[in-house]
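*Asks:* Take a look and give me a structure for this.
(one chain, ligands or ions: 1)
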Amino acid sequence: MTSHEVTFQPVGRRAACGPDQSLLGLAQELGVDLISLCGGNGQCGRCRVQIVSGQVTEPTEADEENLSDHELDEGFRLACQTFPESPLTVGVPPESLSTAMRTQIESRETNISVVPTVHTYALELPRPSLEHPLADADSLLAVLRQTVGPGVDTVDIGVLQHLSPDLRAWDWRCTASVRGSEVIAIGPPGSRPIGLAVDLGTTGVAGYLVDLERGEVLAARGMMNPQIKFGEDVISRITFARTSPESRKALQQVAVEGLNGLTAGLCGEAGLTIGDVVEAAVVGNTAMHHLLLGLPTEQLALAEVRSPAAGIVATPARQLRELTRQFVPKGALIAKVYDLEKLTVEIAVPEREVADVNVGQPVALKARAYPDETFRGTVTSIATTAQAGAPAPGGDPRTQPPASGGSSARTVLVTTEIDNPSLLLKPGMSGQAKISCGERRVRALVMRRVARTVKVQFWSWW
Ligand code: FES
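*Replies:* Residues are numbered from 1 along each chain as shown. From the prediction side, this is the model:
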């Protein structure tokens, strides 16, 4: 026997199932929290799953005792009794998951005044006659205007498609649901306006059926988002949607089918039909919203990240590539952007010469990489302690240990700000600097040197 890859849907977990491992064992290993009241003995019948594709072992006696012939034909099995014989896709019904893993549909009820966007009106329409041959839609609007006042002037195409037979079937009496200026639904006399509220999450979907007049929640249900089979996270789904128009359509379709199923379940639970639902509100994050409506997602996948400051991206390209298709938690560093137009440069001045250096003195700087260019700045600060020698190339002088050796090796860090509008200078470069120590000191300096020429490294303190 060999291992086979098993994918649990819609939870989207997959792994190789060992030769002696049941689907229940693998599910537990993967954190798919199947109910197993009997501990996997085939007695409780709660760990049922559906084999969507692939081959599994023959049903056991326990399978046959706990599942109907129809369910067995549909591919349902007890996970604790079933072993894969090929790669599998296994569907996990919500009722087989423990409470903790079920979609959260619990909500907190608060007292609010109900202000529905849809209002319903009980109407009785005059029968059309040869003397008054008014079209059904016009008749509906005319009666509505008499009841509600002017302003209602449109009938939704979906209503028009069944308006005439419905009015005749209901003996010219009906309940009309109006949103704004439009009749969006009609129902038989006495029907209540029902609203559907859906929270379309990336992982779970919660649906509520609400009486729009009283604000009462009539039924609540949850399910896993069926789009999970196309990717467990938003980025994977957007990536899939971008592969082709068909992929985008598939993601939309599976979401619509899921919502239809959820609504049917909710209506069944409340003793209603889908036709009773006159208004629906679906909320979700931007990606869920786009995928449900079949909107293009390229602009989401390639969302532009604007740096709050102009500068150069100093994070290596390899590091940036590693972020591809990864979630970036809020507040995490995406990339380092350095403003290189003004660089802070530290100059290691030999201790014996630092006495002539003062804040504000001009500094001319040449980088090894651009020997013909001169960059200019001024001394902005002088370190209060000496350190042992010049910083190692590429090393951070701020982390150099304090001086402990002979004075000849000691240096003092002098900081200067260099204008770098051409952005030629980059952190880590090295070169030489001259600090002009001023007229008053020329003589003294001449005895030594007119200007200091020392090796420097550029550091940016961001
Ligand atoms: S765990 Fe009880 S029947 Fe499978």
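*Asks:* what is the closest residue to the ligand within the stretch 201-350 of the chain paired to in the beta sheet?
*Replies:* Residue of the stretch 201-350 of the chain nearest the ligand, by C-beta to the nearest ligand atom: residue 224 (20.2 Å). Placement of C-beta: from N, CA and C, glycine included. Beta-bridge partners for residue 224, by DSSP bridges, are residue 204.
*Asks:* Now do it against residue 294, distance only.
*Replies:* To residue 294, residue 224 is 21 Å away according to C-beta to C-beta, to the nearest Å.
*Asks:* These two: who's more crowded?
*Replies:* residue 224 (23 against 16; other C-beta atoms under 10 Å).
*Asks:* Domain boundaries for the chain, per the record?
*Replies:* According to automatic domain parsing, the chain comprises the domains 4-101, 118-187, 194-300, 342-458.
*Asks:* since we're on residue 93, how many residues are nearby?
*Replies:* Neighbours around residue 93, by other C-beta under 10 Å: 14.
*Asks:* Contacts only, for it.
*Replies:* Neighbouring residues of residue 93 by C-beta atoms under 8 Å, 6 or more residues apart in numbering: 48-50.
*Asks:* Over to it: give its phi and psi.
*Replies:* phi -70, psi 150 (degrees, to the nearest 10).
*Asks:* Need the pLDDT of it.
*Replies:* For residue 93, the model assigns a pLDDT of 84.
*Asks:* Residue 325 now?
*Replies:* At residue 325, pLDDT is 65.
*Asks:* again with residue 451
*Replies:* pLDDT at residue 451 comes out at 47.
*Asks:* Ok, residue 159 next?
*Replies:* 93.
*Asks:* Wasn't it part of a strand?
*Replies:* No: read with DSSP: H, G, I helix; E, B strand; the rest coil, residue 159 is helix and lies in no strand.
*Asks:* Pull the contacting residues for it.
*Replies:* 183-186.
*Asks:* Present those as TSV; the columns should include secondary structure.
*Replies:* What follows is these, written out as TSV (three-state DSSP):
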residue	secondary structure
183	strand
184	strand
185	strand
186	strand
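*Asks:* so which pair among the residues you listed is furthest apart in space?
*Replies:* 184 and 186 (9.0 Å; C-beta to C-beta).
*Asks:* Need the residues touching each of those two.
*Replies:* Joint contacts of residue 184 and residue 186 (C-beta under 8 Å, 6+ apart) are 159, 177.
*Asks:* In terms of neighbours, single out the busier of the two.
*Replies:* residue 186 (25 against 19).
*Asks:* Could you report the pLDDT at the more buried one?
*Replies:* Residue 186 is given a pLDDT of 92.
*Asks:* got it, and the one 10 residues further on?
*Replies:* Each residue has a pLDDT score; the one for residue 196 is 95.
*Asks:* and if you look at the one 4 residues further on?
*Replies:* For residue 200, the model assigns a pLDDT of 92.
*Asks:* Repeat that for the one 10 residues further on.
*Replies:* Residue 210 is assigned a predicted lDDT (pLDDT) of 92.
*Asks:* same question, residue 424
*Replies:* 81.
*Asks:* what number of residues lie near it?
*Replies:* Neighbours around residue 424, by other C-beta under 10 Å: 13.
*Asks:* just residue 329 next, same as before
*Replies:* 6.
*Asks:* With residue 235 instead?
*Replies:* Look at residue 235: counted by other C-beta under 10 Å, it has 16 neighbours.
*Asks:* Please identify which helix or strand holds it.
*Replies:* helix 234-241 (DSSP states H and E).
*Asks:* So which bits of that helix are buried?
*Replies:* 234-235, 237-241 (16 or more other C-beta atoms under 10 Å).
*Asks:* In the stretch 301-450 of the chain, what residue spans correspond to strands?
*Replies:* Per DSSP state E, counting those that start in this stretch, the stretch 301-450 of the chain carries strands over the ranges 312-313, 337-338, 342-350, 362-367, 370-388, 410-419, 430-436.
*Asks:* Of all those strands, which one is nearest the ligand?
*Replies:* Across the strands of the stretch 301-450 of the chain, closest to the ligand is strand 312-313 (C-beta to the nearest ligand atom), at 53.8 Å.
*Asks:* Listing partners with orientation, what would you give for the closest one?
*Replies:* Sheet pairing for strand 312-313, using DSSP bridges, gives strand 337-338 (antiparallel).
*Asks:* State the mean pLDDT of the partner strand.
*Replies:* Here the average pLDDT along strand 337-338 is 76.
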